[in-house]
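Participant: structure for the following, please:
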Amino acid sequence: MNISTSIWTWVMAFCTLGILSFLYKENPVYRAAEHIFIGSAAGHAIGIAVGSIHRFGWKPLFEQGQYLLVIPFLLGLMLYTRFFKKVSWLSRWPIAFLVGVGTGVSLFTMLRSQVIAQAEGAMVRIPAIVGGQISIGVTLNNIITVVGLLAVLTYFIFSIPQKGPVRLVSQAGRFVMMITFGVAFGNVVAGRISILLGQLKSLLGTWLGLIS
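Facilitator: Prediction:
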């Protein structure tokens, strides 16, 4: 056994074991580890924010003459006016700007990465007629993808009665969604188990030296 002598390794082990102790019951050790985690995360976030302001705002503004950066500086300072009752209304301007820009960027990213990209991915799997001939290369995966897509879309069609063949396709779409949700949940569980195994490896290897 080759136990680590690094103080930070011992801190890591203490925090890990403290958090895992919650599996037994809530205790002071768990609360201490929880407070350490939240405090360090908040401190790290503040440090990153201050460094970003200095690197991408202060230096370009005062050393490179990019005077347009005065605008985001003023908007940032206006956020703090909410602590002063008489001028608290000024904080609404930067908040509105942040919400508007965030909504626009999120909407564009969602449409591009989810709606448009998924639509394109589904379309290229459908056999295209080129020069009067159906292009080859349609695999079983492509067929399953297109059929599953159409079945799921049929499930969300509420403008026609769900009867006969439409009902059968709709039920198939429901099964496809359940399979997809199950696979997604399994991936999440597998990811969490992978994180746990990595932390156990750190405890048994880096801290206690029981494994290499």
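Participant: where does residue 27 fall, phi/psi-wise?
Facilitator: phi -150, psi 170 (degrees, to the nearest 10).
Participant: show me the contacts for it.
Facilitator: residue 21 (CB atoms under 8 Å, 6 or more residues apart in numbering). In this view, the C-beta of every residue, glycine as well, is placed from N, C-alpha and C.
Participant: distance of it relative to residue 36?
Facilitator: 14 Å (CB to CB, to the nearest Å).
Participant: ditto for residue 75
Facilitator: Taking CB to CB as the measure, residue 75 falls 34 Å from residue 36.
Participant: can you point out the buried residues in the longest helix belonging to the chain?
Facilitator: The helix that spans the most residues within the chain, counting by DSSP state H, is helix 164-201. Buried residues in helix 164-201, counted by 16 or more other CB atoms under 10 Å: 169-170, 172-173, 176.
Participant: just these now: which is nearest residue 57?
Facilitator: Checking the buried residues of helix 164-201 against residue 57 with CB to CB, the nearest one is residue 176 at 48.7 Å.
Participant: pretty sure that closest one sits against residue 151.
Facilitator: Yes. Residue 176 lies in contact with residue 151 (CB atoms under 8 Å); the separation is 5.6 Å.
Participant: please, which helix or strand holds residue 4?
Facilitator: Using DSSP states H and E, residue 4 falls within no helix or strand.
Participant: quick one, what contacts it?
Facilitator: Contacts for residue 4 (CB under 8 Å, 6+ apart) come out as 10, 206-209.
Participant: would you mind giving those as a markdown table with neighbour count and distance to residue 183 added?
Facilitator: Below are these laid out as a markdown table (neighbours: other CB atoms under 10 Å; distance: CB to CB, whole Å):
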| residue | neighbour count | distance to residue 183 |
| --- | --- | --- |
| 10 | 13 | 40 |
| 206 | 14 | 33 |
| 207 | 18 | 35 |
| 208 | 15 | 36 |
| 209 | 12 | 38 |
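Participant: in TSV, list the residues you listed along with pLDDT and distance to residue 64.
Facilitator: Output for the contacts of residue 4, formatted as TSV (pLDDT from 0 to 100; distance: CB to CB, whole Å):
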residue	pLDDT	distance to residue 64
10	93	44
206	90	43
207	92	46
208	90	51
209	87	50
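Participant: okay, the residues you listed in CSV with distance to residue 66 and secondary structure next?
Facilitator: Shown next, in CSV, are those (distance: CB to CB, whole Å; DSSP: H, G, I helix; E, B strand; the rest coil):
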residue, distance to residue 66, secondary structure
10, 46, helix
206, 45, helix
207, 48, helix
208, 52, coil
209, 52, coil
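Participant: shared neighbours of residue 176 and residue 151, anything?
Facilitator: When CB under 8 Å, 6+ apart defines a contact, no residue borders residue 176 and residue 151 alike.
Participant: re the thing from before, does anything pack onto the longest helix of the chain? Which helices or strands?
Facilitator: On a contact count with 3 or more CB pairs under 8 Å, 6 or more residues apart in numbering; DSSP states H and E, helix 164-201 meets helix 140-155.
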